[in-house]
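In: Structure here, sequence nowhere to be found:
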């Protein structure tokens, strides 16, 4: 009899948990949708590969079934997904008032709880101002010859190969440039292979968040740990040989960490460095690869691009002189092609926000406070 009572209590507890999990507390009506399987949710369908440049099938099918706003559970956390322009605009307008940046635990484990998307708006603006001194327009003007030289060197190497995997080759080139700019890292003069650790990191980024040895997610976390360990070693080395004048982002970080009353911590800096390094080469290399694909399929676009660049060279006194800032700014059609590629590529799968207060949208749906 006692055994039956225990089984009944357990069954009731599980049933209540599943009900609460499927129906988060809310003083109103939640958007329609499915929370999928317990714990797993709809993560597997969300992470399914997609070869189309159209709206991802996961979003498209649910939008057709439930409408532009629907609920789901992804990566171990409940979500409300919005493709509604009016709601999306409202969320951005109320940023840091009714909504703030918020990522599920699995994403925070990968990029760190102190990465820029998760910071308080004041800390975010503080870091943004600091970064602009290094990677803003004025810095880009000074770095333009270095970027051009790196591109020429890489393209000469590619031209000597039978085949070139554009995505990987572009990622290597951009990583070298970014790592040098951020922390004066040069793989040819280093005993470790920082880039290889980022490969393990990237391979498990879009994987089921199961931190069991052997899984892609676990390898991703291991890659993160190795990267952070190397960054910590480099920061200690830099402290021992500090520069009189800052030469890279690491030096600016050291200066800020030493200031009295600074909002920075080493944890914030390391998470920021990891995020900057990864996003710079991973997203840009993919966009460059797709740009080549798109342009190769549109001869008229290629012709107009070629004419624009040949016109710039013809206007030079010395055809072999380096690219100037004025020439770079004059590439109007090139910028249009880049913008269209970014629009079509749509590298960011979504922007994460969580409600600080419960929100009623147009008296139709309740957007609850959900702890991730």
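Out: Arrived safely. All values reported here derive from a predicted model rather than from experimental measurement.
In: mind listing the helices for the stretch 101-250 of the chain?
Out: Applying DSSP state H, counting those that start in this stretch to the stretch 101-250 of the chain gives helices spanning 105-111, 121-135, 137-159, 166-183, 194-203, 216-240, 249-258.
In: list the buried ones in the last one?
Out: For helix 249-258, a neighbour-count test (16 or more other C-beta atoms under 10 Å) marks 249-254, 256 as buried. Quick note: C-beta positions are derived from backbone N, CA and C, even for glycine.
In: following that helix, which helix or strand shows up next?
Out: Where DSSP states H and E defines the elements, the next helix or strand beyond helix 249-258 is helix 266-296.
In: pLDDT on the helix or strand just after that following helix, on average?
Out: For helix 266-296, the succeeding helix or strand toward the C-terminus, using DSSP H and E, is helix 299-314. Per-residue pLDDT values over helix 299-314 give a mean of 95.
In: Could you check how far helix 299-314 is from the centre of its chain?
Out: How far helix 299-314 lies from its chain's middle: 32 Å, per C-alpha atoms, centre = their mean, to the nearest Å.
In: which helices and strands sit right next to that helix?
Out: Helices and strands touching helix 299-314, as assessed by 3 or more C-beta pairs under 8 Å, 6 or more residues apart in numbering; DSSP states H and E, comprise helix 266-296, helix 332-345.
In: how much space is there between the residue nearest to the spatial centre of the chain and residue 359?
Out: By C-alpha atoms, centre = their mean, the chain has its centre lying nearest to residue 279, at 5.0 Å. Separation of residue 279 from residue 359 (C-beta to C-beta, to the nearest Å) stands at 29 Å.
In: I'd like to check what contacts stretch 137-156. Which residues are they?
Out: Residues outside stretch 137-156 that contact it (C-beta atoms under 8 Å, 6 or more residues apart in numbering): 132-133, 169, 172-173, 176-177, 181, 322-325, 328.
In: try it again with 6 Å
Out: 173, 177, 322-323, 325 (C-beta atoms under 6 Å, 6 or more residues apart in numbering).
In: Going through these, which ones are buried?
Out: With burial judged by 16+ other C-beta under 10 Å, the buried subset of the contacts of stretch 137-156 is 173, 177, 323.
In: between those residues, which is closest to residue 290?
Out: Residue 290 lies nearest to residue 173 out of these, by C-beta to C-beta, at 16.2 Å.
In: I'd like the contacts of stretch 137-156 as TSV, with pLDDT and distance to residue 352 appended.
Out: Formatted as TSV, the contacts of stretch 137-156 follow (pLDDT from 0 to 100; distance: C-beta to C-beta, whole Å):
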residue	pLDDT	distance to residue 352
173	90	30
177	87	28
322	86	41
323	89	37
325	92	36
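In: just the residues you listed now: which is nearest residue 108?
Out: Distance ranking of the contacts of stretch 137-156 against residue 108, using C-beta to C-beta, places residue 177 first at 27.9 Å.
In: Skip the chain neighbours and tell me the closest residue to that closest one.
Out: Leaving aside its chain neighbours, residue 177 sits nearest to residue 150 (5.4 Å; criterion: C-beta to C-beta, 6 or more residues apart in numbering).
In: what do you get for residue 364?
Out: Nearest residue to residue 364, sequence neighbours excluded (C-beta to C-beta, 6+ apart): residue 29, at 7.3 Å.
In: Tell me how far residue 251 lies from residue 182.
Out: Relative to residue 182, and taking C-beta to C-beta, residue 251 is found at 10 Å.
In: I misspoke; the intended subject was residue 283.
Out: Distance, residue 283 to residue 182, by C-beta to C-beta: 16 Å.
In: Between these two, tell me which one has more neighbours.
Out: The neighbour count for residue 283 versus residue 182, taken as other C-beta atoms under 10 Å, is higher for residue 182 (22 against 16).
In: how close does that one sit to residue 257?
Out: Using C-beta to C-beta, one gets 16 Å for the distance from residue 182 to residue 257.
In: From residue 200, how far out is the closest residue in space to residue 284 that isn't next to it in sequence?
Out: The shortest distance from residue 284 to any non-neighbouring residue, by C-beta to C-beta, 6+ apart, is to residue 174 (5.3 Å). When distance is defined by C-beta to C-beta, residue 174 is 18 Å away from residue 200.
In: If you count surrounding residues, which of those two has more?
Out: For residue 174 versus residue 200, neighbours defined as other C-beta under 10 Å are more numerous around residue 174 (22 against 17).
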